[in-house]
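Chemist: Here is the input, now give the coordinates:
(one chain, ligands or ions: 1)
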Amino acid sequence: MSTTTVSTTTSQNASRKKVTTLTFRQKKERGEPITMLTAYDYPTAMAMDQAGIDCILVGDSLGMVVLGYENTLPVTMDEMLHHARAVARGAKSSLLIGDMPFMSYQVSTEEAVRNAGRFLQNGGMDAVKLEGGRERVDAVRAIVGAGIPVMGHLGLTPQSVHQLGGFRAQGKTASAAKRLLEDAKILEEAGVFSLVLEAVPSRLAEFISKEISIPTIGIGAGAGCDGQVLVTHDLLGLFERFTPKFVKQYVNFHAEMHKAFTDYIDDVESKRFPAQEHTVEMSDDEWVAFQKEIK
Ligand code: KIV
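Modeler: Reported below is the predicted structural model:
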């Protein structure tokens, strides 16, 4: 792609209108797919914002793909806010959502509201996301009641990995599917503006998407959702530990990085780098003067 094409796209999107929760609803009404990705840092957020992404989630997947934890459970509010601020500095138009980490909303509704508020006050986010259905409805109501938009998250909810017995698909039996549909309706009624459906059968996700008026965002939930989200490190091939079946990898940055780093090591060891063009020069006159200075 030429530089001209890149800068045209960038400047067009620089004047893009801010995406809001209202945009989400309008897109669902018009049948236009909503696009969402995760980001955890300034340059990635800037690149996806300029590419025209509708929504950026500062996901607690941060813990696994950036911080190297085994799962998302150790992630703290302070870690989330640190990365949320970096993302907010990079993204100007996308709707920004802060993912509430484990134990930031489960203990009491008061704590849930306070921590949700921190994402807006100290993290530069526009909304928050939290995991769970009927068991989280009080927290959802309280946060929405404080004027903070909430995105729900049902199906495979990684913070419940131990309760679910691993990272496995959900809603695959008739009774589990019924419970998921009920939870979706309960969350809608409690005021969530949108709902992530993770690793649920596509026919169920499509059915739920038609049954509720708020937009569903699928991840491993098929094409019948109102939008799609992926963990960016999966899409970019940056997370080597495992790649879920539902991920489409667009590039293998891990392999690209490996090549760049081994090329660099090779260049330094064989003294090909730095070359003349990477070097700061000093005039002969100044060099002679310097020689005199140190005599
Ligand atoms: O933390 C995260 O990245 C998420 C997405 C998978 C939706 O919750």
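Chemist: Quick one: name the residues of the stretch 1-150 of the chain near the ligand.
Modeler: Thr38, Leu57, Gly59, Asp60, Ser61, Asp99 (C-beta under 6 Å from any ligand atom). Placement of C-beta: from N, CA and C, glycine included.
Chemist: Narrow the residues you listed to those that are buried.
Modeler: Neighbour-count burial (16 or more other C-beta atoms under 10 Å) applied to those gives Thr38, Leu57, Gly59, Asp60, Ser61, Asp99.
Chemist: ok, back up a step: for the residues of the stretch 1-150 of the chain next to the ligand, which one is nearest the ligand?
Modeler: Gly59 (2.4 Å; C-beta to the nearest ligand atom).
Chemist: Which residues are in contact with that closest one?
Modeler: Applying C-beta atoms under 8 Å, 6 or more residues apart in numbering to Gly59 gives the contacts Thr38, Tyr40, Asp99, Lys129, Val231.
Chemist: Looking at it now. What's its pLDDT?
Modeler: Predicted confidence (pLDDT) for Gly59: 98.
Chemist: where along the chain do the strands fall?
Modeler: All strands of the chain, identified by DSSP state E, fall at 34-38, 55-58, 95-99, 127-129, 150-155, 194-198, 216-219, 227-230.
Chemist: For the contacts of Gly59, please prepare JSON lines with the additional fields pLDDT.
Modeler: JSON lines is the format used below for the contacts of Gly59 (pLDDT from 0 to 100):
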{"residue": "Thr38", "pLDDT": "98"}
{"residue": "Tyr40", "pLDDT": "98"}
{"residue": "Asp99", "pLDDT": "98"}
{"residue": "Lys129", "pLDDT": "98"}
{"residue": "Val231", "pLDDT": "98"}
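Chemist: Please identify which pair of those residues lies farthest apart.
Modeler: Greatest spatial distance among the contacts of Gly59 (C-beta to C-beta): Tyr40 and Lys129, at 14.4 Å.
Chemist: how much space between the closest residue to Arg89 other than its chain neighbours and the ligand?
Modeler: Sequence neighbours aside, Tyr42 is the residue nearest to Arg89 in space, at 5.3 Å (criterion: C-beta to C-beta, 6 or more residues apart in numbering). Here the criterion is C-beta to the nearest ligand atom, to the nearest Å. By it, Tyr42 lies 18 Å from the ligand.
Chemist: Equivalent analysis for Thr216, please.
Modeler: Taking C-beta to the nearest ligand atom, one finds Thr216 at 12 Å from the ligand.
Chemist: Mind listing what's buried along stretch 226-246?
Modeler: 226-239, 244, 246.
Chemist: The residue nearest the centre of the chain bridge partners, please.
Modeler: Per C-alpha atoms, centre = their mean, the C-alpha nearest to the average position across the chain is that of Thr38, at 1.5 Å. Per DSSP bridges, the residues bridged to Thr38 are Leu57.
Chemist: ok, now which ones touch it?
Modeler: Ile56, Leu57, Val58, Gly59, Ser61, Leu62, Val229, Leu230, Val231, Thr232, His233.
Chemist: and if we set it to 6 Å?
Modeler: Residues near Thr38 by C-beta atoms under 6 Å, 6 or more residues apart in numbering: Leu57, Gly59, Ser61, Val231, Thr232.
Chemist: Narrow these to those in helices?
Modeler: Counted as lying in helices by DSSP state H, out of those, are Thr232.
Chemist: would JSON lines of the contacts of Thr38 with distance to Phe119 be doable?
Modeler: Output for the contacts of Thr38, formatted as JSON lines (distance: C-beta to C-beta, whole Å):
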{"residue": "Leu57", "distance to Phe119": "12"}
{"residue": "Gly59", "distance to Phe119": "13"}
{"residue": "Ser61", "distance to Phe119": "16"}
{"residue": "Val231", "distance to Phe119": "19"}
{"residue": "Thr232", "distance to Phe119": "19"}
